[in-house]
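Chemist: What follows is a predicted protein model with its sequence.
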Amino acid sequence: MKKNINKLQNIEISHLYDKIATIGNILLPVTDIVKGLKELEDNIGSFSKSIENIQKEIQKSCLAFQEAAKKLPEDLKKIQKYLAEKSWYISLDLPIDLSREIADLIVEGKVDEIEKAMQNYARLRVASVKEKVIKLYPQRRRILEDAFLAHQKKLYSLSIPTFLIQAEGISKEILGVSLYAKKNNIPKTKNKLAERINKMKIGNL
C-alpha cells in the first residue's frame with residue numbers, strides 16, 4: 001500500500017515538474033536571443049537597460065525553480081545551479097552527453113564555451129519546445145504558434161514579449177502567482193512550488 005502511495009506521489013510530482021519545465025522551455029529561446037542582444041549592447045552600447053532587466057528577471061525565475069527541485073541527482077543539481085545563475089533554465093531532459101560536456105567546462109572554467117554550447121542547444125530545441133508546450137497547453141496554441149513563427153522570422157520584438165507573457169500566464173495557471181512576483185526580494189514561485197509538492201506528499205499519506 002505504502003509503495004503504491006509513493007509511486008502515485010512520484011507520478012504527481014513528476015507531472016508537476018513537467019508543467020514547470022514548460023516555463024523554462026518557453027524561456028529557452030528568449031534567453032538565447034536576450035544574451036545575444038546583451039552581447040551587442042556590450043559591444044556598441046546602444047541598447048536600452050530593458051535587455052539587462054529582462055535577463056535579471058529570467059535569472060531570478062531560473063534560480064527559484066532550481067532551488068525548489070530538491071529531488072535532482074547531485075551532479076545535475078550543480079549543473080542546474082550554475083546554469084540558472086547564468087540565466088539558463090534547463091528542464092530535466094537535458095541530454096546526458098551535454099550534461100557531461102557542461103560539467104567538464106564548468107570545472108575548466110570555460111564560460112564562453114558553455115554559453116556557445118547552451119545557445120546551440122537552445123536553437124536545436126525550438127521545434128521540440130513548440131510541440132511540447134502546445135501539447136500541454138492546447139488552449140494557448142494559436143498565440144504560441146504565432147510567437148514561434150515570429151521568432152523563426154527573427155521578429156524578436158514580437159516573439160520575446162509574447163513568450164514572457166505566456167511563461168507568466170502558465171506560472172499563474174500552475175502555481176497561482178506571477179513568474180516575476182517577489183516577496184522580500186524572493187520569487188514567490190519558489191515557495192509556491194515547495195507548497196504544492198508538500199501538499200502532494202501530505203495528500204497521499
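Modeler: Perfect, I can see it now. The structure presented is a predicted model; accordingly, all values stated were derived computationally and were not measured.
Chemist: Could you check the pLDDT of Lys110?
Modeler: In this prediction, Lys110 carries a pLDDT score of 92.
Chemist: my bad, should have said Leu40
Modeler: Looking at Leu40, its pLDDT stands at 48.
Chemist: what do you get for Leu149?
Modeler: In this model, Leu149 is scored at 93, pLDDT.
Chemist: ditto for Asn25
Modeler: pLDDT at Asn25 comes out at 71.
Chemist: just checking, it touches Glu131?
Modeler: No: in this structure Asn25 lies outside contact range of Glu131 using C-beta atoms under 8 Å: 10.2 Å. All C-beta atoms are positioned from the backbone trio N, CA, C, and that covers glycine.
Chemist: which one of the two has more residues nearby?
Modeler: Per other C-beta atoms under 10 Å, whichever of Asn25 and Glu131 has more neighbours is Asn25, with 25 against 11.
Chemist: What residues does the more buried one make contact with?
Modeler: 91, 125, 129, 132-133 (C-beta atoms under 8 Å, 6 or more residues apart in numbering).
Chemist: if I look at the nearest residue to Ile160 once chain neighbours are set aside, how far off is Gln119?
Modeler: Of all residues not flanking Ile160 in the chain, Val30 sits nearest, at 5.4 Å (C-beta to C-beta, 6 or more residues apart in numbering). According to C-beta to C-beta, to the nearest Å, Val30 stands 12 Å off from Gln119.
Chemist: In this structure the residue nearest to Ile160 contacts Ile165, no?
Modeler: No: counting by C-beta under 8 Å, Val30 stays clear of Ile165, with 10.9 Å between them.
Chemist: So for these two, which sits in the more crowded spot?
Modeler: Counted by other C-beta under 10 Å, Val30 and Ile165 do not tie: Val30 has more neighbours, with 25 against 14.
Chemist: Got phi/psi on the more buried one?
Modeler: phi -60, psi -50 (degrees, to the nearest 10).
Chemist: And for Val177?
Modeler: phi -140, psi 160.
Chemist: quick one on the thing from earlier: model confidence score at the residue nearest to Ile160, please.
Modeler: For Val30, the model assigns a pLDDT of 72.
Chemist: roughly how far apart are it and Ile96?
Modeler: Between Val30 and Ile96 the computed distance is 25 Å (C-beta to C-beta).
Chemist: Low-confidence regions, this protein specifically.
Modeler: Residue ranges of the chain with pLDDT under 70: 1-22, 24, 34-77, 89-93, 186-187, 190, 193-194, 196-205.
Chemist: so where do the helices sit in it?
Modeler: Remark: helices assigned in the chain by DSSP state H are 2-44, 50-68, 74-85, 96-108, 111-136, 141-152, 156-175, 188-203.
Chemist: what's the angle between the fifth one and helix 96-108?
Modeler: Between helix 111-136 and helix 96-108, the angle formed by their directions is 150 degrees, by axes from the mean of the first three to the mean of the last three C-alpha atoms, to 10 degrees.
Chemist: Which strands and helices lie in contact with helix 111-136?
Modeler: Under the contact criterion of 3 or more C-beta pairs under 8 Å, 6 or more residues apart in numbering; DSSP states H and E, helix 111-136 touches helix 2-44, helix 96-108, helix 141-152.
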